[in-house]
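In: What would the 3D arrangement of this be:
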Amino acid sequence: MNTDAQPQFAFNRSNYTWLGVGIGLLIVGYLLMSGGGSEDPEIFDPSIFSARRISLAPIVVLAGYGVIFYAILKKS
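Out: Numbers count the residues shown, from 1 in each chain. Predicted coordinates for the structure are as follows:
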């Protein structure tokens, strides 16, 4: 029995780097999506339909999930 064998991990350093980038993109995307609420529920605030919340934030979130998917499937 060989006791000097190194354990084989599923991910290496580059996988974890890509995973961190993907999680960072997710956080940025969800932060871009947040806000826009009104203090008074009787007053309509049209800022909830800004281009940042409708277009940019979902694209950033999807990019984050794409990077995480790449990080998981990338061969070591």
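
In: The longest helix that the chain contains: which residues count as buried?
Out: Looking across the chain with DSSP state H, the single longest helix is helix 13-33. Neighbour-count burial for helix 13-33, counted by 16 or more other Cβ atoms under 10 Å, picks out 15, 18-19, 21-22, 25-26, 29, 32-33. C-beta: built from backbone N, CA, C; applies to glycine.

In: and the gap between the most centrally placed residue in the chain and Pro7?
Out: Centroid-nearest residue in the chain, with Cα atoms, centre = their mean: Leu26, separated by 2.1 Å. From Leu26 across to Pro7, the span is 29 Å (Cβ to Cβ, to the nearest Å).

In: follow-up on the earlier one: between the buried residues of helix 13-33, which is nearest Phe69?
Out: Gly22 (8.0 Å; Cβ to Cβ).

In: Now that the closest one has come up, it's in contact with Val67, right?
Out: Yes - at 3.6 Å, Gly22 counts as touching Val67 under the criterion of Cβ atoms under 8 Å.
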